[in-house]
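1. turn this into a structure:
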Amino acid sequence: MGVTTARLKWGFIWLIGRSRGGRNFPISPDDVFIVSYPRSGNTWTRFLIANLIYPQGAITFANIERKIPDVYKNTRRQLLQTPRPRILKSHEYFDPRYKKVIYIVRDPRDVALSYYHFDRKRKKFEDGYPLELYISRFIAGEVDDYGSWKENVASWLATRQGADSFLLLRYEDMLEQTAHELAKVASFLGIKRSPEQVARAVELSSAERMRHLEKKEAGIWVNTKKTRREIPFVRTASSGGWRSLLPEDLVAVIESAWGPLMESLAYDLVTAARRPSRLACQGAWEPHRETTTPLIASPESKENL
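-> Down below sits the predicted model:
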């Protein structure tokens, strides 16, 4: 297919509203966005909020896109057909059109590990792809189109932190005090729910239940239907796994790059002040300096983010 033909095809798809929402779709002033860097608990948060808003029927992977749509997985037409006021899921860095935002942040050391296995699941690279090379790309913001973890997080904190229309949630706090954090969300959304209703939403959104739903519905949910079934989408649903699974020199790389922002979010540093890391000494920061197999460019990579 030639370039002109491809552009005409894309233009037709856009004209009839079948292109994906992404960063370019009509936004309404009463929209609420659940935003995070990928692999930071956005899907879990969607389940929590959806189960809170729609207590009459349990939320599943089969209906979550109708309740709280993912702006990358739904067409512009589908997004426009979602009843207002809409709650939408996004991974975008700062967008001034997003007037009301729930932003979820997670320790980037855990994010890096989770993202590595998620990209294995999506077949973006073969098993055995060096974790150290992946981390260097992760820090450089080369694993997706949303900037690096720091760029994404800082873009929102620098512009919206402290505003009444911005609610910052830490994934780790959500794990430790799920009902308390969900009650904050309810207040932010102007939803009145009893402690029992909040507890019920938490129960229906548990990692155990979501794993069970994933096993039944992985073949129909847009985020998992074309991915490796033996690698779960809902993994450990925990915090601090990096302490035992991420080599110390890779921890040092992340902390050296983003230490001040991490500390401002109450993530303790454990290695950054000790010594230069192996990757930093070897110059692995150079984006195009590869000594091994590059990431596989999947034709679905943008859709599956």
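2. which SSE is Leu168 in?
-> Assigned by DSSP states H and E, Leu168 falls within strand 166-170.
3. next helix or strand past that strand?
-> Using DSSP H and E, the helix or strand that follows strand 166-170 towards the C-terminus is helix 171-176.
4. report the central residue of the protein.
-> Most central in the chain under Cα atoms, centre = their mean is Pro38, positioned 2.3 Å from the mean C-alpha point.
5. I'd guess that one is in a strand, am I close?
-> No. Checked against DSSP: H, G, I helix; E, B strand; the rest coil, Pro38 lies outside a strand; its state is coil.
6. pLDDT wise, what is it at?
-> The score at Pro38 is 96. That number is its pLDDT.
7. mind listing the strands the strand holding Leu168 pairs with, and their directions?
-> The pairing partners recorded for strand 166-170 under DSSP bridges are strand 100-105 (parallel).
8. which outside residues touch the partner strand?
-> Residues from elsewhere that reach strand 100-105 (Cβ atoms under 8 Å, 6 or more residues apart in numbering): 30-37, 40-42, 45, 49, 153, 156, 160, 165-171, 174, 185, 188, 265. All C-beta spots, glycine's among them, are computed from the backbone N, C-alpha and C.
9. now the element after that strand, going C-ward?
-> That would be, after strand 100-105 and using DSSP H and E, helix 108-121.
10. thinking again about what came up before, just the buried ones from the contacts of strand 100-105?
-> 31-37, 40-42, 45, 49, 153, 156, 160, 166-171, 174, 185, 188, 265 (16 or more other Cβ atoms under 10 Å).
11. show me where the stretch 1-150 of the chain has strands.
-> 32-36, 87-90, 100-105 (DSSP state E, counting those that start in this stretch).
12. could you dump those strands into TSV and include distance to Arg193?
-> Output for the strands of the stretch 1-150 of the chain, formatted as TSV (distance: least, Cβ to Cβ, whole Å):
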stretch	distance to Arg193
strand 32-36	16
strand 87-90	15
strand 100-105	16
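13. not counting its neighbours along the chain, what's nearest Pro38?
-> Nearest residue to Pro38, sequence neighbours excluded (Cβ to Cβ, 6 or more residues apart in numbering): His91, at 5.3 Å.
14. what's the answer for Ser205, then?
-> In space, and not counting its chain neighbours, Ser205 is closest to Phe47: 4.1 Å by Cβ to Cβ, 6+ apart.
15. tell me the contacts of that neighbour?
-> 59, 64, 204-205, 210.
16. go on, His180?
-> Per Cβ under 8 Å, 6+ apart, neighbours of His180: none.
17. immediately after the helix or strand encompassing it, which helix or strand?
-> His180 belongs to helix 178-189 when assigned by DSSP H and E. Of the helices and strands lying after helix 178-189 in sequence (DSSP H and E), the nearest is helix 195-204.
18. just the angle between that following helix and helix 178-189, please?
-> In terms of direction (axes from the mean of the first three to the mean of the last three Cα atoms, to 10 degrees), helix 195-204 departs from helix 178-189 by 110 degrees.
19. can you pull the buried residues of helix 195-204?
-> 197-198, 200-202, 204.
20. and stretch 119-134, by the same measure?
-> Buried residues in stretch 119-134, defined by neighbour count with 16+ other Cβ under 10 Å: 119-125, 129, 131-134.
21. please apply the same query to stretch 133-148.
-> Neighbour-count burial for stretch 133-148 flags 133-139, 141, 143-144, 146-148 (criterion: 16+ other Cβ under 10 Å).
22. got it, and stretch 178-191?
-> 178-179, 181-186, 188-189.
23. quick revisit: rounded mean pLDDT for the helix holding His180, please.
-> 98.
24. from the buried residues of stretch 133-148, which is closest to Trp221?
-> Using Cβ to Cβ, Asp144 is the member of the buried residues of stretch 133-148 that sits closest to Trp221, with 19.4 Å.
25. from what I can see that closest one touches Tyr72, true?
-> No. At 10.5 Å, Asp144 does not count as touching Tyr72 under the criterion of Cβ atoms under 8 Å.
26. sorry, back to before: next, the angle strand 32-36 makes with the strand holding Leu168.
-> Using the same axes, to 10 degrees, strand 166-170 lies at 40 degrees relative to strand 32-36.
27. alpha carbons only: can I get strand 166-170 in PDB?
-> The C-alpha coordinates for strand 166-170 follow below in PDB (Å, rounded to 0.1, in the frame of the first residue of the first chain):
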ATOM      1  CA  PHE A 166      -6.400  17.000  40.800                       C
ATOM      2  CA  LEU A 167      -6.300  14.000  43.100                       C
ATOM      3  CA  LEU A 168      -2.900  12.300  43.500                       C
ATOM      4  CA  LEU A 169      -2.900   8.600  44.600                       C
ATOM      5  CA  ARG A 170       0.100   6.500  45.400                       C
END
